[in-house]
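Participant: From the sequence below, what's the structure:
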Amino acid sequence: METAVLDLKGLNCPLPVLKARKAMRSMLCGQRIWLETTDPLAIIDIPAFCRDDGHSLIEMQENGREHRFLIEHGGSGSGQ
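Facilitator: Residues are numbered from 1 along each chain as shown. Okay, here's the model as predicted:
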């Protein structure tokens, strides 16, 4: 199963979380997605989004202003 990538660079809070939530609605439990963002608040917002929506934050990477988050769908939402 290929891991999708969602480019959220240039978007500021709350758009990265809103777009991630929308993308994950079409995913199945266990599928993974990389979120790429330049929003400095994403390091707080994305982990909170995962906790609140029942997803797993597998990995977080930082490269200067860019952040990458690998998230595994936890089964919540319509994409179960």
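
Participant: CA atoms for contacts and neighbours, from now on please.
Facilitator: OK.

Participant: List the residue ranges of this protein that fall below the pLDDT cut-off.
Facilitator: 1, 76-80 (pLDDT under 70).

Participant: could you redo the last one with a cut-off of 90?
Facilitator: For the chain, the stretches with pLDDT under 90 are 1-2, 75-80.

Participant: quick one: the helices in it?
Facilitator: Along the chain, the segments classed as helices by DSSP state H run 15-24, 42-53.

Participant: Kindly reformat these as a markdown table containing distance to H73 and mean neighbour count.
Facilitator: Shown next, in a markdown table, are the helices of the chain (distance: least, CA to CA, whole Å; neighbours: other CA atoms under 10 Å):
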| stretch | distance to H73 | mean neighbour count |
| --- | --- | --- |
| helix 15-24 | 7 | 17 |
| helix 42-53 | 9 | 16 |
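
Participant: Out of those, which gets nearest to M60?
Facilitator: The closest of the helices of the chain to M60 is helix 42-53. By CA to CA, the value is 8.5 Å.

Participant: mind putting the helices of the chain in TSV, distance to G74 included?
Facilitator: Compiled in TSV, the helices of the chain are given as follows (distance: least, CA to CA, whole Å):
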stretch	distance to G74
helix 15-24	10
helix 42-53	8
